[in-house]
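Engineer: Fold the stuff below for me.
(one chain, ligands or ions: 1)
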Amino acid sequence: MESSLEFSSSLGSISSLISRCRTFKVLVIGDSGVGKTCLTHRLCAGEFLSKVEATIGVDFRERVLEVEGEKIKLQLWDTAGQERFRKSMVQQYYRNVHAVLFVYDVTCPASFRGLTAWVEECRQNSLGHEIPRFLIGNKSDLRDASKADRQVSQELALSFAKFHSMVFFETSAKNSLHKMAKGRHSTRETAYQRDEVEDIVSAVGAALKRRKRPSTVTSLTYSGSFKILNRRRPEKDPWTCC
Ligand SMILES: Nc1nc2c(ncn2[C@@H]2O[C@H](COP(=O)(O)OP(=O)(O)OP(=O)(O)O)[C@@H](O)[C@H]2O)c(=O)[nH]1
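Structural biologist: As a prediction, this is how the structure comes out:
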């Protein structure tokens, strides 16, 4: 029979083999076409998705990262921007959320104005200032100084972010800064704040790392992208294997 010493030592080696990490649910919301799918794909897979269709319901993507020696998993919920593809599932989206990314398109002022409704939807679903919120102006590669009056200025976005206690980023899911710097309008573009998609991952990770153990999260056994049907998922312990 195995002695208690041997038993505890084998338990120790098993637990060292299984690396446990905290999983955080990060909701990605914003008007249709602002680039939520491309952005979450870039955040998780590191590349721009060239062929993309409107999201129906929600797509899930995951990204594991290490923050100050701790492994954490971001579970990104890329939600449909089109009302007709989301209305029956809204309550699912807002359950047990740990952080929210509000996305707009810097070349589409209507998508920026639309943010007010997204903030209100969060409020109605009991998501307030207590959870980390990030404002992301996407498609910065399309900024054109000659059309500044038809684009969302960074000053406006910054004041919106400040008012709603959000951390502001302006980025491109398509082009990295390196590629943009080589572009035709590189001199004019440098007038804008441009963040790497990785900066967003780090900021979200750092904000969540500071939080205590997450309450509960809808854990997924699948890593990648898929659609869910309109049904409740079972709750599981948020501490899962990475
Ligand atoms: N130039 C440029 N195009 C982008 C960028 N991000 C997304 N796009 C394009 O914008 C369009 C919409 O992108 P999606 O990621 O499907 O937008 P979405 O917000 O997920 O849309 P819904 O699923 O309808 O909510 C696509 O044609 C993308 O190729 C970007 O950073 N730069």
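Engineer: what about E70, distance to the ligand?
Structural biologist: With distances taken as CB to the nearest ligand atom, to the nearest Å, E70 is found 30 Å from the ligand. Yep, even glycine has a C-beta here, placed from its N, CA and C like the rest.
Engineer: if we look at the sheet, which residues does that residue bridge to?
Structural biologist: V67 (DSSP bridges).
Engineer: Isn't it up against R210?
Structural biologist: No. In this structure E70 lies outside contact range of R210 using CB atoms under 8 Å: 10.8 Å.
Engineer: how about stretch 194-209: buried residues?
Structural biologist: Using 16 or more other CB atoms under 10 Å as the test for burial, stretch 194-209 gives 194-195, 197, 200-201, 203-205, 207-209.
Engineer: Touching stretch 81-91 from outside, list them.
Structural biologist: Contact partners of stretch 81-91, identified using CB atoms under 8 Å, 6 or more residues apart in numbering, comprise 29-34, 36, 54-58, 79-80, 93, 121, 125, 228, 230.
Engineer: Filtering the buried residues of stretch 194-209 by proximity to the ligand, which remain?
Structural biologist: Among these, none lies close to the ligand by the criterion of CB under 6 Å from any ligand atom.
Engineer: now, which of those lie within strands?
Structural biologist: The strands, defined by DSSP state E, take in nothing from the buried residues of stretch 194-209.
Engineer: Pull out the buried positions in the host helix or strand of L76.
Structural biologist: Assigned by DSSP states H and E, L76 belongs to strand 70-79. Residues of strand 70-79 classed as buried by neighbour count (16+ other CB under 10 Å): 72-79.
Engineer: what does stretch 32-39 give?
Structural biologist: Buried residues in stretch 32-39, counted by 16+ other CB under 10 Å: 32, 34-39.
Engineer: any low-confidence regions in this structure?
Structural biologist: Confidence mapping of the chain against pLDDT under 70 gives the ranges 1-19, 177-193, 212-242.
Engineer: Name the residues of it found near the ligand, please.
Structural biologist: By CB under 6 Å from any ligand atom, the residues of the chain that approach the ligand are 32-38, 52, 54-55, 80-82, 138-139, 141-142, 172-174.
Engineer: List the ones among those residues that fall in strands.
Structural biologist: Per DSSP E, the residues of the chain next to the ligand map to strands at N138.
Engineer: Save the buried residues of strand 70-79 as CSV, and put in distance to S165 too.
Structural biologist: Putting the buried residues of strand 70-79 into CSV (distance: CB to CB, whole Å) gives the following:
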residue, distance to S165
I72, 22
K73, 25
L74, 20
Q75, 23
L76, 21
W77, 21
D78, 23
T79, 21
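Engineer: what's the farthest-apart pair in those?
Structural biologist: Using CB to CB, the buried residues of strand 70-79 reach their maximum pairwise distance at I72 and T79, which is 21.4 Å.
Engineer: Can you tell me which of the buried residues of stretch 194-209 is closest to S159?
Structural biologist: Among the buried residues of stretch 194-209, and counting by CB to CB, the member closest to S159 is D195, at 17.8 Å.
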